[in-house]
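**Student:** heads up, no residue letters with this:
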């Protein structure tokens with residue numbers, strides 16, 4: 001039996017343990033943004049550390065006060081070789097217990113070949129697959145010309161300020177490759193939309209509602225900008241994996257009373273970018289619209305700036321080392337290579353992309369079932385992902 005066959009066979013024979021690890025993660029309600037989030041995060045971290053210790057792998061807990069506990073474990077055979085990291089986040093969104101068909105969001109249940117529970121697909125199932133990949137390499141005695149890291153982080157659902165952002169930018173991890181085990185329906189995600197969140201502030205002049213001609217209505221002027229954005233649209237070239245670029249107004253606030261002309265209105269725009277667009281170009285498009293209004297109306301007062309995420313679209317070559325290794329590994333496991341796909345944003349991959357580290361999403365589960373009741377992941381996909389992760393590490397390291 002070859003080393004590859006040995007690893008695949010080990011994972012297949014330990015399906016029940018993989019489900020056990022995933023279930024253990026799901027059973028801890030690590031919801032981000034709550035008063036008890038840190039307490040739950042530490043429970044997750046301690047659970048993972050104890051499971052790694054059972055087969056002789058030391059795991060480190062990295063806290064970034066006040067925001068949470070992250071876990072990094074490593075199986076390293078040659079510190080002079082390349083390192084592949086894999087994993088993702090273990091924070092989740094809340095679960096409305098009353099709408100679950102099973103016992104509850106945080107009570108994992110296996111039914112009809114599915115592991116059901118909050119975080120099963122997004123993305124504790126994928127983390128369990130990464131865990132099993134590292135364990136299989138260690139237990140099968142595979143000697144790597146490098147190392148494999150398991151990474152589990154907090155706060156991805158609220159922007160990652162204490163999670164992957166902290167780990168990457170502080171230098172706690174600096175791998176040569178990263179696989180994000182997000183739910184991709186087992187597609188290799190080689191294209192990622194860029195993201196630009198922008199805030200437009202429109203100023204007016206207050207007046208009594210019965211005498212609107214004495215004021216400048218900030219809400220009306222905001223509506224003019226929004227209508228023009230909608231009319232003109234943003235220039236883009238359709239991408240075969242990502243689709244179209246888009247601008248969406250998600251929030252608008254203005255006015256204090258029905259009988260007062262509002263002197264301020266603020267709205268926020270979610271921009272999704274495809275290759276060929278840049279976030280500087282998109283915000284420049286909105287500034288041009290505002291400047292055109294200012295030319296025609298000296299009382300028109302508005303400005304736009306970024307208020308959160310900014311990243312440009314990313315697309316990887318199908319011939320890059322990480323893509324090729326994932327395809328070869330999936331072909332070994334399934335008899336055919338995985339399909340390629342695109343994703344709505346880079347997520348935690350962004351922090352690696354910024355550092356020039358090749359980083360792809362590939363994992364079990366589907367976007368269609370996450371953030372709602374009866375979230376689930378296929379047990380077969382969990383097992384398949386673990387096999388592909390392990391073989392990819394063997395090929396690259």
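**Tutor:** Received the coordinates, thanks. The model shown is predicted, which means the values in this text are computed figures rather than measured ones. Residues are numbered from 1 along each chain as shown.
**Student:** in the chain, which residue is closest to the centre?
**Tutor:** Ranked by distance to the mean C-alpha position of the chain (C-alpha atoms, centre = their mean), the top residue is residue 347 at 3.1 Å.
**Student:** and that residue, that's in a helix?
**Tutor:** No - the assignment for residue 347 (DSSP: H, G, I helix; E, B strand; the rest coil) gives coil, which keeps it out of a helix.
**Student:** Identify the residues contacting it.
**Tutor:** Residue 347 sits next to 156, 180, 182, 361 when contact means C-beta atoms under 8 Å, 6 or more residues apart in numbering. Backbone N, C-alpha and C define where each C-beta goes, glycine included.
**Student:** and if we set it to 7 Å?
**Tutor:** By C-beta atoms under 7 Å, 6 or more residues apart in numbering, the residues touching residue 347 are 156, 180, 182.
**Student:** Return the subset of those lying in strands.
**Tutor:** Among those, DSSP state E puts residue 180 in strands.
**Student:** how about the nearest residue to residue 189, chain neighbours excluded?
**Tutor:** Leaving aside its chain neighbours, residue 189 sits nearest to residue 361 (3.9 Å; criterion: C-beta to C-beta, 6 or more residues apart in numbering).
**Student:** Quick one: residues contacting the residue lying closest to residue 91 once chain neighbours are set aside.
**Tutor:** Counting by C-beta to C-beta, 6+ apart, the nearest residue to residue 91 once its immediate chain neighbours are dropped is residue 32, at 3.9 Å. Contacts for residue 32 were tallied using C-beta under 7 Å, 6+ apart; they are 91, 154-155, 157-158.
**Student:** and residue 101, which of the three is it?
**Tutor:** coil.
**Student:** List the contacts of it.
**Tutor:** residue 374.
**Student:** Which of the contacts of residue 32 sits closest to residue 223?
**Tutor:** The shortest approach to residue 223 among the contacts of residue 32 belongs to residue 158, at 30.5 Å (C-beta to C-beta).
**Student:** so the closest one makes contact with residue 37?
**Tutor:** No - taking contacts as C-beta atoms under 7 Å, residue 158 lies outside contact range of residue 37: 9.4 Å.
**Student:** Neighbour count: the two, which is higher?
**Tutor:** Legend: neighbour count by other C-beta atoms under 10 Å for residue 158 and residue 37, higher for residue 37 (21 against 15).
**Student:** mind checking how far that one is from residue 364?
**Tutor:** According to C-beta to C-beta, to the nearest Å, residue 37 stands 25 Å off from residue 364.
**Student:** can you check residue 271 too?
**Tutor:** 30 Å.
**Student:** between those two, who's got more neighbours?
**Tutor:** Counted by other C-beta under 10 Å, residue 271 and residue 364 do not tie: residue 364 has more neighbours, with 30 against 24.
**Student:** Around the nearest residue to the more buried one once chain neighbours are set aside, how many other residues sit close by?
**Tutor:** Spatial nearest neighbour of residue 364, excluding adjacent residues (C-beta to C-beta, 6+ apart): residue 381 at 3.6 Å. Residue neighbour count, defined by other C-beta under 10 Å, stands at 23 for residue 381.
**Student:** sorry, back to before: just the pLDDT for the residue nearest to the centre of the chain.
**Tutor:** Residue 347 is assigned 89 on the pLDDT scale.
**Student:** now do residue 308
**Tutor:** 83.
**Student:** how about the strands in the stretch 101-250 of the chain?
**Tutor:** Assigned by DSSP state E, counting those that start in this stretch, the strands in the stretch 101-250 of the chain fall at 109-111, 114-116, 146-153, 177-180, 188-192, 194-203, 246-254.
**Student:** and the angle from the last one to strand 194-203?
**Tutor:** Note on geometry: by axes from the mean of the first three to the mean of the last three C-alpha atoms, to 10 degrees, strand 246-254 and strand 194-203 are set 30 degrees apart in direction.
**Student:** Work out the sheet partners of strand 246-254 and label each with its direction, please.
**Tutor:** The pairing partners recorded for strand 246-254 under DSSP bridges are strand 264-273 (antiparallel).
**Student:** from the middle of its chain, how far away would the strand it pairs with be?
**Tutor:** Relative to the centre of its chain, strand 264-273 is centred 21 Å away, using C-alpha atoms, centre = their mean, to the nearest Å.
**Student:** On the three-state scheme, residue 303 is what?
**Tutor:** Three-state call for residue 303 (three-state DSSP): strand.
**Student:** Brilliant, that's me finished.
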